[in-house]
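Asks: this one's structure only:
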């Protein structure tokens, strides 16, 4: 079973590598959207520091959601999704494998760029560290919830926008805890409580969402 | 179901609706080792829907499909281990090379990948010159043959083929017919739909007609 | 009790048809009493003046919005587990009413706040969580309208509601958490005034009225859905001919 999971991850990573440039789009989106805010609210460092965590969290969320709508589309179109559903291996593992591969290609680069953007928003080092840590917990959750959304909206017109409508309300706790953690650091009250809650949300999401996503795939393909 | 010895694959009163339309109902058949079920009917009569039901991708609106006497809904994993499905789409990734695609398909079955055997199969199907290319660079017929290679490597007892001959040239058609023949002779079962006539010498063929035309033999269906 | 008997659309159609008028009348009477108590009998609150009276609509609407979402998730789960057509119909029938009541709760919540804060909107825990709940409803409705195939549509909606229902407590918790964090900067939380017994009676009556209203409307909608989905069967054809 572990071999199957690794096989799925490896396949998706190979395909992403050969597609070249796909993963950059989400990254550019993240950087550009974040950079729009100083332009629209003015360069006051205090203000930017206040809104920075929230802006970066929302921008990262939107950037990830952009790419999630296509999580299953390609496989659906060329018939490989059907073949994967016909395999004796559990569909949940398939979903987890794809989510992991997706996060490695689209989520991880965001984390690597975040410190630079954090500096743009005048965030001190400790705040940036908490921001990255929070995103490290939050982006996989988004990938997981997004996978459920992608499975539900497979093949539908307007799927991209629809996924956003479905997933964003479910993702609200991560935004609150994640941005709140950084806020806590800035205010001097500490980020521990927030990060623990975020971790708990992570655990709950990974207990429920993979199964829903697997069931949704069968419903959407069958 | 019917008096054939050891009916391995059977369907009982299958019905399927798509949206408002009833595609077919009352579909019954029993298939034994070495037999081919040929599903015929005009376009839009539900051939692909029937095959997807038989493969276990979709659930029928009525009736039951059984493998070795067990309903497939209940023994899904075991059934899928012994069944291979080839749909309209090839089920292979364009970015990967043929052998890489085969390796992944094998991984899906949870079995160890035998690279030598995969290579031999690809060569047998006339793909020796395409081994280093991503499947995107192959022609439609060549990609279909990669999918057929995956089918062969699956070592499945039951083959469910949706229009296997479409888009293939004369040589490839003969090759596929030979493969099907070989499979049936080895005791395998095949369910296939095709627009073109399938030339199989001396193979027991059960026809199944969907739609308004008269239905001979077992596999009678209510005209819808 | 043979459950499968009640799971038959014909039986449901008949029984529901008998319940609807009763529920409607009950709702009407209870609402009249409740509103009377709320707007005429209950005393003026010394803190919030007359404006607080909107809670007699806001609180029942908010509770029902929440409750109906849970009911949707319940029926969705039953539908998935037993492949029961009627369960899916109940789930679909509940959604529009739930969305409407949540919207009413949102709107009345804002109206409640206006005299106190001077603005139509403030980001307090109550209004924010109601807003998120409304988004969840709208998402489900949007998903249903995007999928044409009934069977896929039912199941997809049920799965979405299930994931929603697990998230709802977390969302509520996080919104309250968020709100208490930002207490200093926010203008004020809409506390319900200390309830005199009369006020409680009023709110309770209105809540029961909301229940009865929901039952009436949802069952009526469910009956309509049953007719729609089973329209190819004989018994429905007979009914449609009769009504023509």
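Replies: Good, I have the coordinates. Keep in mind it's a predicted model, so treat the numbers as computed, not measured. Numbering: from 1, shown residues only, chains lettered A, B, ... in the order given.

Asks: name the helix or strand for residue 28, please.
Replies: Using chain A here. helix A:22-41 (DSSP states H and E).

Asks: um, chain B though
Replies: Residue B:28 belongs to strand B:21-32 when assigned by DSSP H and E.

Asks: please apply the same query to residue B:13.
Replies: When elements are assigned from DSSP H and E, residue B:13 belongs to strand B:7-18.

Asks: tell me the strands beside that strand, with direction?
Replies: strand B:21-32 (antiparallel), strand B:62-67 (antiparallel) (DSSP bridges).

Asks: nearest to residue B:171, of those?
Replies: Among the strands paired with strand B:7-18, strand B:21-32 comes nearest to residue B:171, with 28.9 Å by CB to CB. All C-beta spots, glycine's among them, are computed from the backbone N, C-alpha and C.

Asks: and the next helix or strand along the chain from that closest one, how far out from the chain's middle?
Replies: Heading C-terminal from strand B:21-32, the first helix or strand you meet, by DSSP H and E, is strand B:36-40. Its chain's C-alpha centre and that of strand B:36-40 lie 10 Å apart, by CA atoms, centre = their mean, to the nearest Å.

Asks: quick one: strand B:36-40 to strand B:7-18, angle?
Replies: In terms of direction (axes from the mean of the first three to the mean of the last three CA atoms, to 10 degrees), strand B:36-40 departs from strand B:7-18 by 20 degrees.

Asks: quick one: average pLDDT of strand B:36-40?
Replies: Averaging pLDDT along strand B:36-40 gives 87.

Asks: same question, stretch A:64-81
Replies: 88.

Asks: do that stretch and chain C meet?
Replies: No: Stretch A:64-81 lies out of reach of chain C by CB under 8 Å from any CB of the partner chain, never closer than 12.8 Å.

Asks: picking that back up, so for the strand holding residue B:28, what gets flagged as buried?
Replies: Buried residues in strand B:21-32, counted by 16 or more other CB atoms under 10 Å in any protein chain shown: B:23-25, B:27-32.

Asks: residues of chain C that sit close to chain B?
Replies: Residues of chain C lying near chain B (CB under 8 Å from any CB): C:148-150.

Asks: buried members of these into ChimeraX, please.
Replies: A single ChimeraX command selects the buried members of the residues of chain C next to chain B (16+ other CB under 10 Å):
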select /C:150
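
Asks: helix or strand: which one has residue B:164?
Replies: Here residue B:164, judged by DSSP H and E, is contained in no helix and no strand.

Asks: how many neighbours does it have?
Replies: Other residues near residue B:164 come to 25 when the count uses other CB atoms under 10 Å in any protein chain shown.

Asks: which residues does the closest residue in space to it that isn't next to it in sequence contact?
Replies: Using CB to CB, 6 or more residues apart in numbering or on different chains and skipping residues adjacent in sequence, the residue nearest residue B:164 is residue B:176, 5.5 Å away. When contacts are counted by CB atoms under 8 Å, 6 or more residues apart in numbering or on different chains, residue B:176 is found next to B:148, B:164-165, B:168.

Asks: same deal with residue C:62?
Replies: Contacts for residue C:62 (CB under 8 Å, 6+ apart) come out as C:101-102, C:105, C:109, C:126, C:130.

Asks: any idea how far it lies from chain A?
Replies: 17 Å (CB to the nearest CB, to the nearest Å).

Asks: which elements pack onto the next helix or strand after the helix holding residue A:28?
Replies: Remark: after helix A:22-41, the chain's next helix or strand is helix A:45-68, criterion DSSP H and E. On a contact count with 3 or more CB pairs under 8 Å, 6 or more residues apart in numbering or on different chains; DSSP states H and E, helix A:45-68 meets helix A:22-41, helix A:108-120, helix A:125-152, helix A:159-187.

Asks: redo that, cut-off 6 Å
Replies: helix A:22-41, helix A:125-152, helix A:159-187 (3 or more CB pairs under 6 Å, 6 or more residues apart in numbering or on different chains; DSSP states H and E).

Asks: wait, which of the ones you listed is closest to chain C?
Replies: helix A:159-187 (3.8 Å; CB to the nearest CB).

Asks: can you tell me the centre-most residue of chain B?
Replies: Taking CA atoms, centre = their mean as the criterion, residue B:160 is the residue nearest the geometric centre of chain B, at 1.7 Å.

Asks: okay, now the closest residue to residue B:138 other than its chain neighbours: neighbour count?
Replies: Of all residues not flanking residue B:138 in the chain, residue B:130 sits nearest, at 5.5 Å (CB to CB, 6+ apart). Residues near residue B:130, counting by other CB under 10 Å, number 20.
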